[in-house]
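**Q** next come a sequence and a model predicted from it.
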Amino acid sequence: MSQVDVRPAFSLRFLRSELRLIAVRRRNQAGLAALAAVPIVLAIAMKVAAPGTGERRGGGPDFFAQILGNGFFVALAALGAELTLFLPIAIAMLAGDAVAGEANQGTLRYLLTVPVGRVRLLAVKYAGIVAGAFLAPLVVAGTGIIAGLILFGGGDVTTLSGTQIGFGEALLRLLGVCLYLGLCLAALGAVGLFLSTLTEQPMGATIALAMLSVASAVLGQVPQLDWLHPYLLTQHWTDFGEFLRDPVSLGALRPGVLVALSYMVVFLSAAWARFAGKDITS
Amino acid sequence: MSVFKSRPALRWLVPTAAAVVVIGGGAAAGTIVASADPTLEPRSAAQLLVDLQSAKVDGFSGTVVQTADLGLPSLPGVTGGANGAELMNLVAGSNTARVWYAGDDKVRLALMSKLGETDVIRNGSDVWLWRSAQNQAAHYSIPAGRQHERPATTLPQGVPSTPQEAADAALAAIDPTTQVTTTGAAKVAGRDAYELVLQPRDTASLIGQVRLAIDGEKHIPLGVDVYAKDATKPAVRIAFQQISFDTPDAEQFAFKAPPGTEVTEQNSADADKGPISKTPIGKGPLGKGPLGKAPTDKAPEGTKVVGKGWTSVLVAKLPQESAKGSERAQLDAVTGALPEVSGAWGKGRLLQSNLFSALLTDDGRVLVGAVAPEKLYEAAGK
């Protein structure tokens, strides 16, 4: 076992191979393309429908109406639109594949015959999910910015507080939005990883996670359950709007970050408890 | 780790413990704040009142949270919809506002909502109202002579304004009807504070106590709690969640309507009846003054006050043609959901909450007061 100790705790090679595995899967590529298609479709639809919507003033909470004035808002509107369903489904797909997918294909056994500890396997699988969680919002925002700039142009961006910031600073804030959403989605991925260790059917884990995420969002809309709201994973996702206020108050993001970290701690340790003691039969 | 190896079931203790700590920590976070142990020297109510009046701060900024749990029945059309959500939040939920203050002529209040913001900014003689959801800005100029007046009239009634303002409303209610005491110091926004307790002498009032927290050092109000009778949790609470006494930068108060914005110019004479006073939130029960705010002398005809002090009942005539079309239908849907009551005084519908009752009679009167429904019936019979 001395060889085991010499090996670095976290080998980049294993992570790289996992990331490559995720990247070359056709369904993941298709999923990413679908995520990227939403802002493009949205921007084109707004451009085509522009004369009609011009009469209906009022930005609404979803940034849609501001798109006409500045392409920057395509990215925000797309993120807002995809946040309730598309992005969670993307994470659910990755999470389902992570452990249950390997088990389903019968490759989990072989993975573990290589001298790879189960904790390390779990860590690498989660790292793959986290990479996806941060990549997905960046892809949506990036495509949104490009589509928006082409169709509507850029310029100074109006914040929620009614002040104006330069396009460069706006891009930085958009990066902040993406990182915040990445953290939120990574927490969802932790739940997904746990679900993935429970079953050998990747579809089961994927659907369960997507349903959990939607159920959490629905519960968050019910005013009678307000005692439950602070504990819901999805409750603070729309707090990403804090980045668009002037001045930005990072303190306002604390509840969302705390909830995300709490979910990670609980469900990653649950995934470990389940996976480390599990009999791998396939 | 060897324990976990020999007895895999024990592993489950880890996530279980983590869940308990996280959930328990979340629940405890609220209570720790309450059990503070400040060491302020005792001060009488009168001293505190003087402190309040003479309080002078150069500037501060902070976050104000307003929560309300009025125990209202759920109403169709009020619980849903964009405007409805705004209204609903005010009576059964929480609102967060950020406040910047650098002297009386530099004030900014930003009311937060999900992916939206409503700002009221005063900078010298300019007052701006900005609503991000509507992409609208309104500009008011205060004539030079009136510059030193408080901009209070331009603030929407009933929205969680600064604790300073809420406290003023409570103080206005102090008269022989009220028992004023001070209690052991409280802790608000991490600062030691005195508490001034106003208790109605008239036990018929639904209001149990109004508690005003006053900063121990700076003497400005940090929060107001309104308790219903026999309640242990405040029905309405407006308090700083976080406050800093550094004077905010001048740029916080600089506002220029962004391009593409609908800007309405208003002179200050119109300000009192500007678009703000039409907002649905202005009609919230808070604006009606459970704190005993006296009706203004501009009150429309047919409006009178029955009773005195904490148990006074406001009787007003409903404008017949004010609402039309869909608004009317929405209003009917709401009133239709209220329980029907009748008596010697006639027939009507009753809205009851922890802090106030409202009666809409079929002959077009509306009675509101911080009293039990029986008092309203009594007033309706007069």
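**A** In hand now; what should we look at?
**Q** could you list the contact residues of the stretch 251-382 of chain B toward chain A?
**A** B:252, B:255-262 (C-beta under 8 Å from any C-beta of the partner chain). Every C-beta, even on glycine, is put in place using the N, C-alpha and C of the backbone.
**Q** residue contacts, residue B:11?
**A** A:272-273, A:276-277, B:4 (C-beta atoms under 8 Å, 6 or more residues apart in numbering or on different chains).
**Q** same deal with residue B:249?
**A** Contacts of residue B:249 (C-beta under 8 Å, 6+ apart): none.
**Q** what's the separation between it and residue B:102?
**A** Here the criterion is C-beta to C-beta, to the nearest Å. By it, residue B:249 lies 8 Å from residue B:102.
**Q** picking up where we left off before, confidence-wise, which of the contacts of residue B:11 comes last?
**A** In terms of pLDDT, the lowest of the contacts of residue B:11 is residue B:4, showing 73.
**Q** and stretch B:109-120, does that touch chain A?
**A** Yes: using C-beta under 8 Å from any C-beta, we find that stretch B:109-120 touches chain A at B:110, B:112-117, B:119.
**Q** by neighbour count, which of the residues you listed wins?
**A** Sorting the residues of stretch B:109-120 next to chain A by how many neighbours each has (other C-beta atoms under 10 Å in any protein chain shown) puts residue B:110 first, at 26 neighbours.
**Q** if I look at that one, how far off is residue B:338?
**A** Residue B:110 is 34 Å from residue B:338, where distance means C-beta to C-beta.
**Q** repeat that for residue A:179.
**A** For residue A:179 relative to residue B:338 (C-beta to C-beta), the value is 48 Å.
**Q** helix, strand, or coil at the residue of the stretch 151-300 of chain B found nearest chain A?
**A** Closest to chain A within the stretch 151-300 of chain B is residue B:258: 4.0 Å, counting by C-beta to the nearest C-beta. Look at residue B:258: counting by DSSP: H, G, I helix; E, B strand; the rest coil, its state is coil.
**Q** need the phi and psi values for it.
**A** phi -70, psi 150 (degrees, to the nearest 10).
**Q** show me the contacts for it.
**A** By C-beta under 8 Å, 6+ apart, the contact list for residue B:258 reads A:156, A:158, A:162-164, B:137.
**Q** give me the pLDDT for it.
**A** In this model, residue B:258 is scored at 83, pLDDT.
**Q** quick one: low-confidence parts of the stretch 51-200 of chain B?
**A** Low-confidence segments of the stretch 51-200 of chain B, defined by pLDDT under 70: B:73-92, B:144-176, B:184.
**Q** spell out which parts of it neighbour chain A.
**A** When proximity is defined as C-beta under 8 Å from any C-beta, the stretch 51-200 of chain B approaches chain A at B:63, B:74, B:79, B:82, B:88, B:92-93, B:96, B:98, B:110, B:112-117, B:119, B:128, B:130, B:132-137.
**Q** got a list of contacts for stretch A:228-238?
**A** Stretch A:228-238 is contacted by residues A:80, A:83, A:181, A:184, A:187-188, A:191, A:213, A:216-217, A:219-220, A:253, A:255-256, A:259-260, A:263, B:23, B:26, B:114-115 when judged by C-beta under 8 Å, 6+ apart.
**Q** and that stretch, end to end?
**A** 17 Å (C-alpha to C-alpha, to the nearest Å).
**Q** and that stretch, how far out from the chain middle?
**A** Centre-to-centre, stretch A:228-238 and its host chain are 15 Å apart (C-alpha atoms, centre = their mean, to the nearest Å).
**Q** pull out the buried positions in it.
**A** A:229-238 (16 or more other C-beta atoms under 10 Å in any protein chain shown).
**Q** out of those, the closest to residue A:205 would be?
**A** When the buried residues of stretch A:228-238 are compared for distance to residue A:205 (C-beta to C-beta), residue A:233 wins out at 16.2 Å.
**Q** gap between the closest one and residue A:206?
**A** In terms of C-beta to C-beta, residue A:233 sits 17 Å off from residue A:206.
**Q** other SSEs contacting the helix or strand in which residue A:132 is found?
**A** Using DSSP states H and E, residue A:132 maps to helix A:118-152. Counting contacts by 3 or more C-beta pairs under 8 Å, 6 or more residues apart in numbering or on different chains; DSSP states H and E, helix A:118-152 is packed against helix A:12-24, helix A:26-53, helix A:72-83, helix A:86-96, helix A:108-113, helix A:167-198, helix A:254-276.
**Q** dump the residue contacts of residue A:259.
**A** A:187, A:230-233, A:235-236.
**Q** in which helix or strand would I find residue B:241?
**A** Using DSSP H and E, residue B:241 sits in strand B:236-244.
**Q** can that strand be said to contact chain A?
**A** Yes: for a cut-off given as C-beta under 8 Å from any C-beta, strand B:236-244 has contacts with chain A, namely residue B:242.
**Q** name the residues that touch that strand?
**A** A:251, B:60-70, B:96, B:160-161, B:163, B:166, B:188-191, B:213, B:222-226, B:286, B:290, B:355.
**Q** hang on, residue A:149 packs against residue A:75?
**A** No: with contact defined as C-beta atoms under 8 Å, residue A:149 does not count as touching residue A:75 (9.8 Å).
**Q** looking at the two, which has the bigger crowd around it?
**A** residue A:75 (30 against 18).
**Q** could you chop chain B up by domain?
**A** The record assigns chain B these domain ranges, following automatic domain parsing: B:8-280, B:304-380.
**Q** mind pulling up the phi and psi values for the closest residue to chain B within chain A?
**A** As assessed by C-beta to the nearest C-beta, chain B sits closest to residue A:277 within chain A, at 3.1 Å. For residue A:277, the backbone dihedrals (degrees, to the nearest 10) come out as phi -100, psi 10.
**Q** which bits of the stretch 151-282 of chain A sit near chain B?
**A** A:156, A:158, A:160-164, A:223-224, A:226, A:230-231, A:238, A:241, A:244-245, A:247, A:249, A:251-252, A:262, A:265-267, A:269-270, A:272-273, A:276-277.
**Q** contact partners for the nearest residue to residue A:42 once chain neighbours are set aside?
**A** Closest residue to residue A:42 apart from its sequence neighbours, by C-beta to C-beta, 6 or more residues apart in numbering or on different chains: residue A:78 at 5.5 Å. The neighbours of residue A:78, taking C-beta under 8 Å, 6+ apart as the test, are A:38-39, A:42, A:140-141, A:143-144.
**Q** what score does the closest residue to chain A within chain B have for pLDDT?
**A** Relative to chain A, the nearest point of chain B is residue B:8 (3.1 Å; C-beta to the nearest C-beta). Residue B:8 carries a pLDDT value of 74.
**Q** same check, this time on residue B:362
**A** 82.
**Q** list the contacts of it.
**A** Each residue near residue B:362 by C-beta under 8 Å, 6+ apart is listed here: B:346-348.
**Q** most neighbours among those residues, which one?
**A** Most surrounded of these: other C-beta under 10 Å gives residue B:348, at 24 neighbours.
**Q** am I right that that residue is in a strand?
**A** Yes: under three-state DSSP, residue B:348 falls within a strand.
**Q** beta partners of it?
**A** residue B:341, residue B:361 (DSSP bridges).
**Q** so it sits against residue B:341, correct?
**A** Yes: Residue B:348 lies in contact with residue B:341 (C-beta under 8 Å); the separation is 6.1 Å.
**Q** what is in contact with those two at once?
**A** Common neighbours of residue B:348 and residue B:341 (C-beta under 8 Å, 6+ apart) are residue B:359.
**Q** and the lowest mean pLDDT element among the helices and strands of chain A?
**A** Confidence across the helices and strands of chain A bottoms out at helix A:2-6, with a mean of 43, counting by mean pLDDT, DSSP states H and E.
**Q** strands of the stretch 51-200 of chain B, start to end?
**A** Secondary structure of the stretch 51-200 of chain B (DSSP state E, counting those that start in this stretch): strands at B:60-69, B:92-101, B:106-113, B:116-123, B:126-131, B:136-141, B:178-188, B:191-200.
**Q** which one of the residues of stretch B:109-120 next to chain A is nearest to residue B:315?
**A** Nearest member of the residues of stretch B:109-120 next to chain A to residue B:315, counting by C-beta to C-beta, is residue B:113, at 34.2 Å.
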